[in-house]
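Student: mind looking at a prediction? Sequence and model below.
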Amino acid sequence: MLIGEKRWKQINEKGWTLATLFKDALDLNNKSFDLEKTLQKRVSDVQGAEKPDFTAALARLSQPA
């Protein structure tokens, strides 16, 4: 089962997605990525999705730090 948009939004707002890792890479003074919190249990990979939508992650990256 994929994580679902609602749950993804919740963890993204907490900074527990890969968007935080990329944001940290762009801002060397910002190191908030936490691998342990980012890993989600009992969800499938993106191969289970028909069409992944990364729009929300890209929008978050474009926000100022």
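Tutor: Thanks, I have it.

Student: distance of the residue of the chain most remote from its centre from residue 59?
Tutor: Ranked by distance from the centre of the chain (CA atoms, centre = their mean), the top residue is residue 29, with 19.4 Å. Here residue 29 is placed at a distance of 22 Å from residue 59 (CB to CB, to the nearest Å). No exception for glycine: its C-beta is placed from N, CA and C like everyone else's.

Student: repeat for residue 31
Tutor: 22 Å.

Student: quick one: contacts for residue 15?
Tutor: By CB atoms under 8 Å, 6 or more residues apart in numbering, the contact set of residue 15 is 32-34.

Student: can you put those residues in CSV and add distance to residue 17?
Tutor: Listed next are the contacts of residue 15 as CSV, based on distance: CB to CB, whole Å:
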residue, distance to residue 17
32, 11
33, 9
34, 11
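
Student: from these, list just the buried residues.
Tutor: Buried by 16 or more other CB atoms under 10 Å: residue 33, out of the contacts of residue 15.

Student: nearest to residue 20 among the contacts of residue 15?
Tutor: Closest approach between these and residue 20, by CB to CB: residue 33, at 4.7 Å.

Student: wait, doesn't the closest one sit right on residue 21?
Tutor: Yes. Here residue 33 lies in contact with residue 21, judged by CB atoms under 8 Å, at a distance of 4.5 Å.

Student: follow-up on the earlier one: as CSV, the contacts of residue 15 with secondary structure and pLDDT would be great.
Tutor: As requested, the contacts of residue 15 are arranged in CSV below (DSSP: H, G, I helix; E, B strand; the rest coil; pLDDT from 0 to 100):
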residue, secondary structure, pLDDT
32, coil, 89
33, coil, 90
34, coil, 89
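
Student: which SS class is the residue farthest from the centre of the chain?
Tutor: coil (DSSP: H, G, I helix; E, B strand; the rest coil).

Student: how far away is the residue nearest the centre of the chain from residue 25?
Tutor: In the chain, the centroid-proximal residue (CA atoms, centre = their mean) is residue 17; its distance is 2.4 Å. Separation of residue 17 from residue 25 (CB to CB): 14 Å.
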